[in-house]
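Visitor: From the sequence below, what's the structure:
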Amino acid sequence: MISVVIPSLGGDLDDTLDSVNAGSICPDEIIACLPNDTHSVKDAFKYKNLTIVYAKRYGQVYQRICGFKEAKYDYVLQLDDDVVVSYNCIELLVDFLNKTHVKSAISPCWYNVDTGKPLHQIRRSGLFMSFYYWLVNGLDGYRPGKVSLAGTNFGVNPKEVHGEIINVDWQPGGCVLHNKKNLILDNYYPYEGKAYSEDLIHSFLLRQFGVSLLVNVKAICMTHLNPRLSKFGEIVSDFKAKRYFVKLANLSLVRMITCYIIQIALLTIFAMTNIKKTVNKPS
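Guide: Purely as a prediction, here's the structure:
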C-alpha cells in the first residue's frame, strides 16, 4: 500500500528509518536511492522492508525520481534522510488521501527536532518586517503556506492557521505523500549540485498538473533547522535556482533581485561587524 522513497548519500539513517517503521502504519517498502555502489546505508540488514537502488548519478531530485520509478505501491511518501516522523504522521496523511476525491499531495507540519518548536516562524511585527512583506509580496504581504511575488516561500506555523487541512502553494520536499499516479517522473531540476529551490519548482509543477497541495496540521515531522546562507557560492547557486523558478512561475524578477541585494548587504554588514569585534577584542 505504501512506498517510502529516500534519496540519500547513505551513512547512518537509523533515526529516519526507525521512526518510519515504528509508526502506527508501517510502510510496505522503503527505497533508499543512493548515487552509486560506493555509498551504503549503515546496518541496512536490520530493516526487512528496505531496498537499496542506485541512480548512477548524484543529485537529490534525480535520485528521488529513480526511487519513484521503483515504487510498487499506490501511495508514495517522499522523505529526506534527516527527517523523523511522529508515530501517527503517515497514518494521518494516508487517511486523508483515502477519503478525498480531489487530486492531491499532502504533507505534515514541520517542527525543530532540537527544540520541539514549529520550524516555520509566525508573522513578525515591526516597521522593517512590514516593509519586507510588502517588498516580497505587495499588498498581500505575509500569507502562511503561500509563495510570494518575489519567489520566497512562507511556511505553515500551526499557531496562525485555522482548521486541520490547509491549502498551500508549496510543500517542503522533505516529507510529502503522493498518489503514485500523480508522480512527476521527469527530471525537472536544471542544475548540478545541491538542489536549491527544488521544492518550489516541484510544487509549481504539481499544481500545473492539477494536483492540490495540502498540509495536515496535526501530522508532525521533525528535522534540524537549516543554517542561513552565508557563503558567496551558496548565494549564487541559490540565486540561479530562484531566478529559474521565478521565470517559470511568471513572478517578479525585480522583487526577487531586490531581496537578494538586501540579503547580501545585510550579510556584508554582519560580517564587517564581526571582523571589527574580533579586531577590537582585548588580547
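
Visitor: For the protein, which segments count as helices?
Guide: Here the chain has its helices, by DSSP state H, at 14-21, 60-70, 89-99, 127-137, 198-208, 232-248, 253-280.

Visitor: a markdown table for these, including distance to residue 53?
Guide: For every residue, glycine as well, the C-beta is placed using N, CA and C. Putting the helices of the chain into a markdown table (distance: least, C-beta to C-beta, whole Å) gives the following:
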| stretch | distance to residue 53 |
| --- | --- |
| helix 14-21 | 15 |
| helix 60-70 | 5 |
| helix 89-99 | 21 |
| helix 127-137 | 39 |
| helix 198-208 | 20 |
| helix 232-248 | 26 |
| helix 253-280 | 36 |
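
Visitor: Hmm, residue 175 and residue 86 touching each other?
Guide: No - using C-beta atoms under 8 Å, residue 86 is not in contact with residue 175; the gap is 10.6 Å.

Visitor: now the helices of the chain as CSV including mean pLDDT, distance to residue 185 and mean neighbour count?
Guide: Formatted as CSV, the helices of the chain follow (pLDDT from 0 to 100; distance: least, C-beta to C-beta, whole Å; neighbours: other C-beta atoms under 10 Å):
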stretch, mean pLDDT, distance to residue 185, mean neighbour count
helix 14-21, 97, 23, 19
helix 60-70, 97, 6, 21
helix 89-99, 96, 19, 19
helix 127-137, 93, 32, 15
helix 198-208, 98, 11, 20
helix 232-248, 92, 18, 17
helix 253-280, 77, 29, 12
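
Visitor: right, and those - which one's nearest residue 5?
Guide: Ranking those by their distance to residue 5 (criterion: C-beta to C-beta) puts helix 60-70 first, at 3.6 Å.

Visitor: Could I get the CA-only coordinates of the closest one as CSV?
Guide: The C-alpha trace of helix 60-70 is given here as CSV (Å, rounded to 0.1, in the frame of the first residue of the first chain):
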residue,chain,number,x,y,z
GLN,A,60,18.7,14.7,-4.9
VAL,A,61,15.9,15.3,-7.4
TYR,A,62,17.3,12.7,-9.9
GLN,A,63,17.8,10.1,-7.1
ARG,A,64,14.3,10.7,-5.8
ILE,A,65,12.8,10.2,-9.3
CYS,A,66,14.8,7.0,-9.7
GLY,A,67,13.3,5.8,-6.4
PHE,A,68,9.8,6.9,-7.6
LYS,A,69,10.2,4.7,-10.7
GLU,A,70,10.9,1.7,-8.5
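
Visitor: Touching that helix from outside, list them.
Guide: Helix 60-70 is contacted by residues 5-8, 31-35, 51, 53, 55, 57, 76, 78, 183-189, 194-195, 198, 202 when judged by C-beta atoms under 8 Å, 6 or more residues apart in numbering.

Visitor: again, but for stretch 204-214
Guide: 96, 102-107, 147, 165-171, 182, 184, 188, 203, 245, 248-249.

Visitor: which of residue 86 and residue 175 has more neighbours?
Guide: More neighbours surround residue 175 than the other of residue 86 and residue 175, with 27 against 20 (other C-beta atoms under 10 Å).
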